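Trainee: below is the structure, and that's it, no one-letter string:
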């Protein structure tokens, strides 16, 4: 696996984090095989040109339009229609997803674990691809999937607590295999969000530390990135603008 | 920082190189290729190659975070609710909250977001 940025201004830790994720993407996860995970990544890129998604985006309600998504030819028979729908909507119109849609997605065949790992995969690929577009370099070729089956791992402590649509690991994660995900009782829901598939939180922490600020320092508003080109207030200006444009309440 | 500049980049942000950063962030989050190229070069002129790389890293990080929040349907939680109260009020962000039903399917467009 070789990800390089010819531009020397791209920090080494960013490139290293992207390499680590590309390796993880190729391996079986808790709920999807390596081939399925790479197929999800392929679908992320394909979704940008989906004509049905454009119609959904233009509609007053994205749930009142009939049609089918334009599926990547290599993904036919690899990803179910409900998985493809989830990928496309998260890529193209995430701010208008609803609990009702999520529940229909489960009723149509995805498990909650599959859904959470799919979300983690989609958002990681979106982020790395978005970085490449931002600095003006070609997207990295997707990795070759590694063989093997999904592990089926599910945290024993994960449960619904009224803080999200999906089960999450409790804030108090001490004494569990998920103790490394965040300092006990010190995190936010946006970090716990993917904890039904704990490796997705590990990826979030890894990529977030390279792209933004290490998780443990986010709440310290004086904390910036040592040696970075942006001050903390400049970092938050960029973060806030992107969040506003994505209609994100969080 | 003038948080209202996040919603209206024409306003002065009060942040050094704020206009170039806002324009670049806007382009990464939804601009066309020409807009992105133009804003990238403007930011490069203002902050150099490292500024472009670090701004792209932050912008792309939040392309991820917003999708996590939206696709998992998370609540703010007590700490975030308190910490962000002023900003949320200034930017009228609560109109974008999800509810227990599908009411948000219509909300964001109805308010012209």
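Mentor: Here it is on my side, so go on. Just so it is clear, the structure is predicted and the values come from calculations on it, not from any experiment.

Trainee: neighbours of the closest residue in space to residue A:245 that isn't next to it in sequence, just the number please.
Mentor: Using CB to CB, 6 or more residues apart in numbering or on different chains and skipping residues adjacent in sequence, the residue nearest residue A:245 is residue B:29, 4.2 Å away. From N, CA and C alone the C-beta is placed, and that goes for glycine too. Using other CB atoms under 10 Å in any protein chain shown, residue B:29 has 22 other residues around it.

Trainee: give me the contact list for the helix or strand hosting residue A:39.
Mentor: Residue A:39 is part of helix A:34-47 when elements are defined by DSSP states H and E. Where contact means CB atoms under 8 Å, 6 or more residues apart in numbering or on different chains, the residues beyond helix A:34-47 that reach it are A:25-29, A:32, A:53, A:69-72, A:74-75, A:78-79, A:83-84, A:87-88, A:91-92, A:117-118, A:121-122, A:125-126, A:129, A:139, A:142-148, A:150.

Trainee: I figured the residue nearest to residue A:245 hits residue A:239, correct?
Mentor: No - Residue B:29 is not in contact with residue A:239 according to CB atoms under 8 Å; the separation is 10.6 Å.

Trainee: which neighbours do the two share?
Mentor: Between them, residue B:29 and residue A:239 share the contacting residues B:59, B:62, judged by CB under 8 Å, 6+ apart.

Trainee: where's residue A:46 relative to residue A:116, distance?
Mentor: Distance, residue A:46 to residue A:116, using CB to CB, to the nearest Å: 22 Å.

Trainee: ok, those two, which is more surrounded?
Mentor: Remark: of residue A:46 and residue A:116, residue A:116 carries more neighbours, 31 against 20, as counted by other CB under 10 Å.

Trainee: my read is that the more buried one contacts residue A:197, right?
Mentor: Yes - Residue A:116 is within contact range of residue A:197, at 4.6 Å (criterion: CB under 8 Å).

Trainee: okay, and the common contacts of these two?
Mentor: Listed contacts common to residue A:116 and residue A:197 are residue A:31; contacts here mean CB under 8 Å, 6+ apart.

Trainee: nearest to chain A: which residue in chain B?
Mentor: residue B:56 (2.9 Å; CB to the nearest CB).

Trainee: stretch A:25-33 and chain B, are they touching?
Mentor: No - figure legend: stretch A:25-33 not in contact with chain B (CB under 8 Å from any CB of the partner chain); closest approach 14.0 Å.

Trainee: what mean pLDDT does the longest helix seen in chain B get?
Mentor: Secondary structure of chain B per DSSP state H: the longest helix is helix B:33-72. Averaged over helix B:33-72, pLDDT sits at 96.

Trainee: can you give me the buried ones in that helix?
Mentor: Within helix B:33-72, the residues that count as buried by 16 or more other CB atoms under 10 Å in any protein chain shown are B:36, B:39-40, B:42-44, B:46-47, B:50-72.

Trainee: same question for stretch A:104-117.
Mentor: In stretch A:104-117, counting by 16+ other CB under 10 Å, buried: A:105, A:110, A:112-117.
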